[in-house]
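J.: 3D, please:
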Amino acid sequence: MRITKLEKLKRLTDENGVIAALAVDQRGALRKLLGEKANEKALVDFKKLTAEELTENVSAILLDPEYGLAATKARKEGTGLILAYEKTGYDAADQRRLPDLLPQFSVKILKDLGADGIKLLIYYDADQPEEVNSIKKAFVERVGAECAAEDVAFFLEILTFDEEILDTGSRAYSKIKPRKVLEAMQIFSDADYRVDVLKVEVPVNMDYVEGFGTEEALWSKQEAAEIFKAQSDLAQVPYIFLSAGVSAELFQQTLVFAKEAGAEFQGVLCGRANWRGGAEAFRTSGIDSARAWLAVEGRENIQALDQVLQQTATAINLQQ
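T.: Presented below is the predicted three-dimensional model:
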């Protein structure tokens, strides 16, 4: 019997209808955390270890099929599976940052590997020429159609950027980030793209919000709250936040802030904020040290995040 996309989406949510997912699909970024000399075996081993230790209290795990297939088998029973479809990174010499897929995979192949959901990451700058952005829009449409044909949930991850300001953590980029995030979200909420869940950035850099960071504030708490609410109001499909490598504590504080602002987000796909310390232990002291860190601090991060999600996230409507 064919399992529908809606049933697969249910597999990716917790008992409250919230997506509490762990992201371990990093490839280039993980290699840097494990050390530049990290080989393929190190990436495979760390992903498998993380799945073993941290999937007890998550609704789903996001992995890549390049180094994460062993981890798919190591996840706890009942944990949903999302597999990444895109090649990692982008050509730094090409300012367009065009997306590309893993050539040896298709949505059907990923589904046959056990995927309940497919994740595609795109880099999107609303200020790029339309001849560039039209390529990205058509690309997303094709993947959305492929996911619809195979009845798997389509997760679209959007990372915004600017051609002129390369440091997305800088004050200069932080000033324009809200507009870029909101415009991208509005575009890809359109039904033509068949996106089931948007995985998006927090719309403001919290380091520049009054009372959060050490930098001179760009926004008062009220101004930042209005941006979070505007993001929520624009969403025409469920959306979840990515952690973007910030600390576990700051990410949790941000979710509480979003809730208080009136944002109705459906959960998170959180990666490094949960397991970064394990990667550092793996690099400096080996796999046993990494396991010990993940078993204690990593699980504490997951449990604390789960408690925050219970108070802040809004359930996905699974009655459609």
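
J.: could you check how many residues crowd around residue 131?
T.: By other CB atoms under 10 Å, the residues close to residue 131 number 8. Yep, even glycine has a C-beta here, placed from its N, CA and C like the rest.

J.: so it belongs to a helix, correct?
T.: Yes: under DSSP: H, G, I helix; E, B strand; the rest coil, residue 131 falls within a helix.

J.: ok, now how distant is it from residue 36?
T.: For residue 131, the distance to residue 36 (CB to CB, to the nearest Å) stands at 37 Å.

J.: so residue 87 touches residue 102, yeah?
T.: Yes: counting by CB atoms under 8 Å, residue 87 touches residue 102, with 5.8 Å between them.

J.: now residue 9, nearest residue through space, not along the chain?
T.: residue 153 (4.6 Å; CB to CB, 6 or more residues apart in numbering).

J.: do a quick rundown of the strands in the stretch 1-150 of the chain.
T.: Along the stretch 1-150 of the chain, counting by DSSP state E, counting those that start in this stretch, strands occupy 19-23, 60-63, 80-84, 117-124.

J.: which one of those strands lies nearest to residue 54?
T.: Minimum separation from residue 54 across those (CB to CB) falls at strand 19-23, 5.7 Å.

J.: and the closest one, what does it pack onto?
T.: For strand 19-23, the packing partners by 3 or more CB pairs under 8 Å, 6 or more residues apart in numbering; DSSP states H and E come out as strand 60-63, strand 239-242, strand 267-270, helix 299-312.

J.: the third one pairs with which strands?
T.: Strand pairing for strand 267-270, determined by DSSP bridges: strand 19-23 (parallel), strand 239-242 (parallel).

J.: what is the orientation angle of the longest one with helix 299-312?
T.: In this case it means strand 19-23. Following axes from the mean of the first three to the mean of the last three CA atoms, to 10 degrees, one obtains 150 degrees for the angle between strand 19-23 and helix 299-312.

J.: could you list the residues in contact with strand 19-23?
T.: 12-14, 50, 54-55, 57-62, 80, 82, 197, 238, 240, 242-243, 266-271, 274-275, 302, 305-306, 309, 313, 316 (CB atoms under 8 Å, 6 or more residues apart in numbering).

J.: same check, this time on the shortest one
T.: Contacts of strand 239-242 from elsewhere in the structure, counted by CB under 8 Å, 6+ apart, are 19, 21, 23, 157, 185, 197-202, 231-232, 251, 254-255, 258, 265-271.

J.: just the buried members of those residues?
T.: Among the contacts of strand 239-242, those classed as buried by 16 or more other CB atoms under 10 Å are 19, 21, 23, 157, 185, 197-202, 231-232, 251, 254-255, 258, 265-271.

J.: surely residue 172 and residue 165 touch.
T.: Yes: counting by CB under 8 Å, residue 172 does reach residue 165; the two are 5.0 Å apart.

J.: please name the nearest non-neighbouring residue to residue 123.
T.: That would be residue 97: by CB to CB, 6+ apart, it lies 3.9 Å from residue 123.

J.: what pLDDT does the model give that neighbour?
T.: In this model, residue 97 is scored at 96, pLDDT.

J.: that one and residue 87 touch, don't they?
T.: No: checked against CB under 8 Å, the pair residue 97 and residue 87 is beyond contact range at 11.8 Å.

J.: which one's more surrounded, these two?
T.: The neighbour count for residue 97 versus residue 87, taken as other CB under 10 Å, is higher for residue 97 (19 against 15).

J.: residue 177: which of the strands of the stretch 1-150 of the chain is closest?
T.: That would be, of the strands of the stretch 1-150 of the chain and by CB to CB, strand 117-124, which comes in at 12.3 Å.
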